[in-house]
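>>> how would this look folded up:
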Amino acid sequence: MATVVCTRWLDAFPASYVTVLRNAVAANLDRPHRFVCVTDNVAGLTDGVEGIQMPDLGIPLQRQRKGCWPKLSILAPGLLPADEPTLYLDLDVVVNQDLDGFFDRLESERGFHALREWNPTLWNLAPLKMRPDRGVQGSILGFYPGEQTELFRRFNENQSECFKRFPLDQDFLTAHVDDVRYWPFDWTASFKWHCLKYYPFNQIFPKIKRPEKAKIVVFHGDPRPIDVVPQGDYHWGTKRKFGRGPVDWVRDYWLAHDVS
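As a prediction, this is how the structure comes out:
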C-alpha cells in the first residue's frame, strides 16, 4: 500500500481542491493507495479521502498564514503509516501523467525526495548542471514517515529559531534534510516559469501550451489553477506574466475531476 497525502488548513483552499486532487491521483496511479488529507477541518471532504486531524503544533497564526509551516505536521510520528512509501502533493498542482514513477523511485532510493527549486526563466537557456541550486521546492515530497522523526524534532522543538532563520518551510527543509534527493527534473514543470511568457511576448504568442512531458505541473504563487478555469474575459497573473480568460487544458482537467 502507498500513501498520497495533502494538507489543508485555515481558509487557504476550499475542500473542492481536495476532491480534484484525489480524483486526479486515482486516475493516474495504478498501485493500491490511500489518499489522505491532513487538515484542521475535515468538513466537506468527499468519499475516498481519509481525513486526518492536523496535530496542533502551536504554530502562531501569522506563521500558519505565511510560510506553509503547518505542512510539516505530516512528518509527526504516528500520523501516517511509518513504513509506507508516501507522496506529498500540494493542493494546487495539476496531475498531468502517470504517478507510479514517483513511488518506484522512492522504493528504490529511500530517503527524502523533493523538487529542486526552479531558476528564473532565463536560466533555462543554460544546462541544468550550470544553474544555481536553490534548494528544496516543497510542492512534491516523497519519504517514509518512520524515517523522518529527527527532521520533525528539529522543527518542532526549535520553532522560534526556525521562524527567525527561514522565511518558508521549504527553506527549513533545504537546510535540515541531510541528503535530499531531487526528483528527475523533467518530471515536473512550473506553470509560472515554464508555461507563461513575459510581457510583451505573451501578447504576440498568447496560447499557453500544456507541458506534455511533465508528470505534474505546479502552480505556485499567482495564479492558482482555479483562477484560469472560469469562462469569460478576465485578467489573471502578475505584472510581467499574465493572461486573459481560461486556460483550456487546466479548465478541462478541473472539470474532469470535479463534476460539481
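>>> I'd guessed residue 26 sits against residue 46; true?
No. Here residue 26 does not reach residue 46: they are 11.5 Å apart, not a contact under Cβ atoms under 8 Å. All C-beta spots, glycine's among them, are computed from the backbone N, C-alpha and C.
>>> quick one: the strands in the stretch 51-200 of the chain?
Ranges of strands in the stretch 51-200 of the chain, per DSSP state E, counting those that start in this stretch, are 86-89, 93-95, 112-116, 136-143, 180-182, 188-190.
>>> Pipe those into a markdown table and attach distance to residue 68 per row.
Formatted as a markdown table, the strands of the stretch 51-200 of the chain follow (distance: least, Cβ to Cβ, whole Å):
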| stretch | distance to residue 68 |
| --- | --- |
| strand 86-89 | 11 |
| strand 93-95 | 14 |
| strand 112-116 | 14 |
| strand 136-143 | 7 |
| strand 180-182 | 17 |
| strand 188-190 | 17 |
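>>> can you put the ones you listed in a markdown table and add mean neighbour count, distance to residue 12 and mean pLDDT?
What follows is the strands of the stretch 51-200 of the chain, written out as a markdown table (neighbours: other Cβ atoms under 10 Å; distance: least, Cβ to Cβ, whole Å; pLDDT from 0 to 100):
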| stretch | mean neighbour count | distance to residue 12 | mean pLDDT |
| --- | --- | --- | --- |
| strand 86-89 | 23 | 15 | 98 |
| strand 93-95 | 22 | 14 | 98 |
| strand 112-116 | 22 | 20 | 97 |
| strand 136-143 | 23 | 14 | 97 |
| strand 180-182 | 16 | 25 | 97 |
| strand 188-190 | 22 | 19 | 96 |
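>>> Run through who's touching the helix of greatest length in the chain.
If you go by DSSP state H, the chain has its longest helix at helix 15-28. Applying Cβ atoms under 8 Å, 6 or more residues apart in numbering, the external contacts of helix 15-28 come out as 4, 6, 8, 33, 35, 37, 39, 43-46, 48-49, 89, 91-95, 97-99, 226, 253-254, 256-258, 260.
>>> tell me which residues in that helix are buried?
Within helix 15-28, the residues scored as buried using 16 or more other Cβ atoms under 10 Å are 15-25.
>>> Check the average confidence over it, would you?
Across helix 15-28, the average pLDDT comes to 97.
>>> so after it, what's the next helix or strand?
Moving toward the C-terminus from helix 15-28, the next helix or strand (DSSP states H and E) is strand 33-39.
>>> Just the contacts of helix 15-28: which are in helices?
Counting by DSSP H, the part of those found in helices is 253-254, 256-257.
>>> Report the buried members of the residues you listed.
253-254, 257.
>>> Name the nearest of those residues relative to residue 244.
residue 254 (17.7 Å; Cβ to Cβ).
>>> In contact with residue 41, which residues?
Contacts of residue 41 were listed using Cβ under 8 Å, 6+ apart, and they are 8-9.
>>> just residue 132 next, same as before
So residue 132 contacts 119, 123 (Cβ under 8 Å, 6+ apart).
>>> One more pass at 7 Å, please.
residue 119 (Cβ atoms under 7 Å, 6 or more residues apart in numbering).
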